[in-house]
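S.K.: Provided below are the primary sequence and the corresponding predicted coordinates.
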Amino acid sequence: MHYIVTGGAGYLGSHMTAYLHENGHRVTILDNFSNSDYDAFSRLQSICDNSINLMELDLRDQGKLNAAFITASLKEPVAAVLHFAGLKAVGESSRDPLLYYRNNLESTMSLIEAMEKHKVHSLVFSSSATVYGTPEILPVNESARLNTTNPYGATKLICEDILRDVALSKTDSPWRIAILRYFNPVGAHRSGKIGEKPQGTPNNLMPYVFDVATGKRREVNVFGSDYDTKDGTGVRDYIHVTDLIEGHAAALRYLQNNKGVEAFNLGTGEGYSVLDMIRRTEMITKQPVPYVFTARRPGDLGTVYADPGKAKTLLQWQAKRTLDDMISDQWRWQNNLK
């Protein structure tokens, strides 16, 4: 089959692209390289035998986007779109909310319009656990109240609402949409050739931790030491990127037999604190990771971890890789960047 992957040169999109290629599918990437670079794409091509078709564009440019769908469909019809493209940093979204609303909402609406025009009605949407805000009950499941605490999460929640409204706007709607609410992806491809490589200062914990472990940065800033957790630092559900991508593949299979819109948590169901992650990284890498406590960031939460039971039941998927796998694979990738 032929799939379009938006944001396919980024962290998650590149792993999705590699997975699809490894399983015999054709892939077209749409990416503007706002959160990636050409070296990352070159590494991806080396995994995929230089077979990936790249179209560099901003999804908000309707003219270029429509042309991309036409060109992509010439060799083989597009079966589905996997939509990873978007800005994704909680802290940055609080500092510049309009940037996030403009980018994440407009790009998703533009993509849906193009898909409708070109009669591609299967979509896997990259959402986030941030749509839950502060959970009332843990672990958090898909029926929990949606009440995000930051602009990034708000853009994801609004996009979810848009997708539901579009899918339900017609009797016998052709739309098949899986909304995947990620918890915290970490790790890297088993080859060590692709992984998370943020532009500038990392916004996520583990790339920052590994920058310190490799000596690129002096210390980790731990945002908040007074949460109601075992050690006062934030607790999150970390999931190996390969498990996450296998969840997308399961969602594609699900959509082949199911119309409408369905949301799924992709997580492990286990929570680890910031200090857990730092200490485990030190243990596996044999490198010191000094840290300092600093003030909480706006929009950050104390504890969030998933109930992945729905995905296990309906998608026949569950995370298999351990925390040590996540850290070991990311360390291999980090060392390949030297």
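M.R.: Structure received.
S.K.: for the residue of the chain most remote from its centre, give its distance to residue 257.
M.R.: Farthest-out residue of the chain from its mean C-alpha position, per CA atoms, centre = their mean: residue 171, at 31.5 Å. Separation of residue 171 from residue 257 (CB to CB, to the nearest Å): 20 Å. The C-beta positions use only the backbone N, C-alpha and C, and glycine is treated the same way.
S.K.: cool, residue 57 as well?
M.R.: The value you get for residue 57 to residue 257, if CB to CB is used, is 32 Å.
S.K.: more crowded one of those two?
M.R.: residue 57 (16 against 7; other CB atoms under 10 Å).
S.K.: residues in contact with the more buried one?
M.R.: 30, 31, 32, 64, 65, 68 (CB atoms under 8 Å, 6 or more residues apart in numbering).
S.K.: and with 10 Å instead?
M.R.: 6, 30, 31, 32, 63, 64, 65, 67, 68 (CB atoms under 10 Å, 6 or more residues apart in numbering).
S.K.: quick one: the lowest-mean-pLDDT helix or strand in the chain to chain centroid distance?
M.R.: Sorting the helices and strands of the chain by mean pLDDT, DSSP states H and E puts helix 90-95 at the bottom, at a mean of 88. Centre-to-centre, helix 90-95 and its host chain are 17 Å apart (CA atoms, centre = their mean, to the nearest Å).
S.K.: could you shift the numbering so residue one becomes 861, and keep it that way?
M.R.: In the new count, where the first residue is 861, that last one comes out as helix 950-955.
S.K.: so residue 1035 makes contact with residue 1120?
M.R.: Yes - contact status for residue 1035 versus residue 1120: in contact at 7.3 Å, counting by CB atoms under 10 Å.
S.K.: who touches both of the two?
M.R.: 1024, 1027, 1028.
S.K.: buried subset of those, written for ChimeraX?
M.R.: Per 16 or more other CB atoms under 10 Å, the buried members of the shared contacts of residue 1035 and residue 1120 correspond to this ChimeraX selection:
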select :1024,1027
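S.K.: using a markdown table, lay out the shared contacts of residue 1035 and residue 1120 together with distance to residue 886 and secondary structure.
M.R.: Output for the shared contacts of residue 1035 and residue 1120, formatted as a markdown table (distance: CB to CB, whole Å; DSSP: H, G, I helix; E, B strand; the rest coil):
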| residue | distance to residue 886 | secondary structure |
| --- | --- | --- |
| 1024 | 29 | helix |
| 1027 | 26 | helix |
| 1028 | 31 | coil |
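S.K.: relative to residue 1057, how far out is residue 1138?
M.R.: For residue 1138, the distance to residue 1057 - CB to CB - is 20 Å.
S.K.: before we move on, what about residue 988?
M.R.: From residue 988 to residue 1057 the distance is 20 Å (CB to CB).
S.K.: what's the closest non-adjacent residue to residue 1172?
M.R.: residue 1178 (4.8 Å; CB to CB, 6 or more residues apart in numbering).
S.K.: is it true that the one you found touches residue 1106?
M.R.: Yes - the criterion here is CB under 10 Å, and residue 1178 meets it with residue 1106 at 9.4 Å.
S.K.: name the residue in residue 1035 and residue 1120 with the higher neighbour count.
M.R.: residue 1035 (21 against 13).
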